[in-house]
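In: Need the 3D shape of this:
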Amino acid sequence: MTNKIFLRLLMVFTLLSGLSACKEKKVTLKAFPKAWYLNQPPVIVFENLRESGVKKIVFKIDESVGGGAKVSDTVVLPGRMGLRLGKHEITFVFTFDDGSKQNIKRRFTLFASEPPVKWDYELIAEYPHDTEAFTQGLEFEGDTLYESTGQYGKSSLRKVDFTTGKVIRKYAFDDNVFAEGLTVWNDSIVVLTWQNKKGFVFDKTFNRLGEFAYDNSKEGWGLCHNDSLIFKSDGTEKIWILDPETLKEKDYFNVYTHKHKIKRINELEWVEGRIFTNIWMKNALAVIRPETGEVEAVIDLSDLLKKVKKHPALDVLNGIAYHKQRGTIFVTGKNWDKLFEIKVFQTEKTE
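Out: The predicted structure is shown next:
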């Protein structure tokens, strides 16, 4: 009996010793920034690394980006890790000299490194615009202006003479379709719908060629393109990258400033390597770097609203069309009576 009691006491002592050793080896996190900034290495401070016998540190972010870190109480991660702006989770794995491991997880948000600059504009000209046009998409091909309009029972695709506001050609959507943004890709016109979870493809005489389903995004808001890709907004902070041949969503990036994510991204326009966008319910444009999703600049257009005729159906600023040959941008709004031609230029940094 005495031997059995002694063995049991020995086992308890051994277990407690092991737990004590584990506690001695535990690494604690002293400082962790919840806000990270693009291309600026975050500094993270731990305690008890050397005392605990840590031999190796590895980290993984969102199960996709990872690497090793020098064994030190202060860990400086690489500045460029290919992360998109937005929310992430990082896991640190510490390996001790006896082979045991400990994990520490934390969440953080990656922001733009610099505040956006303020760009100003010069008003070049004003043109008539149909007050029945609930403008969703606006895009030039040469001097030809294409426009898509929304609302159930009123949605349309239009070819417009921008100098007079006259509608040259019009396609009326079915009453159950709420049309959204458009873009002209080669010989076709791609038009989104708001909550029908699909878009349509037309030729330039407005014959419907087909349709496509949204993959991961739930809604359609705005469209634009460069020479090789189509970009799509869905009303969140995301801009989706579409394969122009299949119209499948290949990837996305998030749009952020140095402080905030930018929600309700609406109409899009590609302008000399940047994406200009309307933010729904804001009388301003944001200028986005498509490589990162950073908001590079903002353009306050609230003065234009003062030049528009007031009437019951008047709605918010929406519609951006870049005229490449003129080097100017055309903007309007939902049910506005005017289309404005402006030229933008950089001024100063915002606060």
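In: If I look at Met11, what pLDDT would I see?
Out: We note a pLDDT of 48 for Met11 in this prediction.
In: How about Leu182?
Out: Leu182 is given a pLDDT of 98.
In: Could you give me the buried positions within stretch 320-330?
Out: 320-322, 328-330 (16 or more other CB atoms under 10 Å). C-betas here are computed from N, CA, C, even on glycine.
In: in this structure, which ranges drop under the pLDDT threshold?
Out: Residues of the chain meeting the criterion pLDDT under 70: 1-25, 348-351.
In: one step back: out of the buried residues of stretch 320-330, which sit inside strands?
Out: Among the buried residues of stretch 320-330, the members found in strands (DSSP state E) are 320-322, 328-330.
In: Is it possible to get CSV of those that adds distance to Gln151?
Out: CSV is the format used below for those (distance: CB to CB, whole Å):
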residue, distance to Gln151
Ile320, 20
Ala321, 20
Tyr322, 25
Thr328, 28
Ile329, 25
Phe330, 22
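In: Greatest separation within those: which pair is it?
Out: Ile320 and Thr328 (11.4 Å; CB to CB).
In: element containing the nearest residue to Ala69 once chain neighbours are set aside, please.
Out: Among residues not flanking Ala69 along the chain, Ile57 sits closest, at 4.3 Å (CB to CB, 6 or more residues apart in numbering). Assigned by DSSP states H and E, Ile57 belongs to strand 54-61.
In: So which bits of that strand are buried?
Out: 54, 57, 59-61.
In: And those residues, which is closest to Trp336?
Out: Nearest to Trp336 among these, counting by CB to CB, is Ile61 at 44.8 Å.
In: which ones are touching that closest one?
Out: Taking CB atoms under 8 Å, 6 or more residues apart in numbering, we find Ile61 in contact with 81, 83, 88-91.
In: Could I have the buried ones of those residues as ChimeraX selection syntax?
Out: Per 16+ other CB under 10 Å, the buried members of these correspond to this ChimeraX selection:
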select :81,83,88,90
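In: Show only the entries of the contacts of Ile61 found in strands.
Out: Those of the contacts of Ile61 mapping onto strands are 88-91, per DSSP E.
In: Quickly name whichever of those is closest to Pro290.
Out: Of all these, Pro290 sits closest to His88, with 20.1 Å by CB to CB.
In: Run through the bridge partners of the closest one.
Out: Following DSSP bridges, His88 is listed with bridge partners Phe108.
In: quick one: the helix or strand where Val295 lies to chain centroid distance?
Out: Assigned by DSSP H and E, Val295 belongs to strand 295-300. Centroid displacement of strand 295-300 relative to its chain, using CA atoms, centre = their mean, to the nearest Å, is 15 Å.
In: And the helices in the protein?
Out: 2-25, 302-305 (DSSP state H).
In: who are the neighbours in contact with the closest residue to Arg274 other than its chain neighbours?
Out: Spatial nearest neighbour of Arg274, excluding adjacent residues (CB to CB, 6+ apart): Val287 at 5.2 Å. With contact taken as CB under 8 Å, 6+ apart, Val287 is in contact with 116, 119, 271, 274-276, 295-299.
In: again, 6 Å this time
Out: Contact analysis of Val287 by CB atoms under 6 Å, 6 or more residues apart in numbering lists 274, 276, 296-297.
In: what do you get for Ile262?
Out: Per CB under 6 Å, 6+ apart, neighbours of Ile262: 237, 255.
In: now do 10 Å
Out: 85, 116, 236-237, 239, 254-256, 277, 279, 282, 286, 288, 293, 295, 298 (CB atoms under 10 Å, 6 or more residues apart in numbering).
In: I'd like to know which of those residues are buried.
Out: Neighbour counting over the contacts of Ile262 (16+ other CB under 10 Å) leaves 85, 116, 236-237, 239, 254-256, 277, 279, 282, 286, 288, 293, 295, 298 as the buried ones.
In: Now, those that are in strands?
Out: 239, 254, 277, 279, 286, 288, 295, 298.
In: ranges for the strands of the stretch 101-250 of the chain?
Out: 101-111, 117-128, 135-141, 144-149, 156-161, 166-172, 179-185, 188-193, 198-203, 208-213, 223-225, 230-233, 238-242, 249-254 (DSSP state E, counting those that start in this stretch).
In: For the longest one, which helices and strands make contact with it?
Out: Spelled out, it's strand 117-128. strand 156-161, strand 284-288, strand 295-300, helix 302-305, strand 328-333, strand 338-349 (3 or more CB pairs under 10 Å, 6 or more residues apart in numbering; DSSP states H and E).
In: Direction included, what does it pair against?
Out: By DSSP bridges, strand 117-128 pairs with strand 295-300 (parallel), strand 338-349 (antiparallel).
In: Quick one: those as TSV, columns for distance to Pro312 too.
Out: What follows is the strands paired with strand 117-128, written out as TSV (distance: least, CB to CB, whole Å):
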stretch	distance to Pro312
strand 295-300	26
strand 338-349	17
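In: Need the winner for burial among the ones you listed.
Out: Highest mean neighbour count of the strands paired with strand 117-128: strand 295-300, a mean of 20 (counted as mean count of other CB atoms under 10 Å).
In: Residues touching it, excluding its own?
Out: So strand 295-300 is contacted by 85, 112, 114-121, 255-258, 260-262, 274-277, 279, 282-289, 329, 331, 342, 344-347, 349-350 (CB under 10 Å, 6+ apart).
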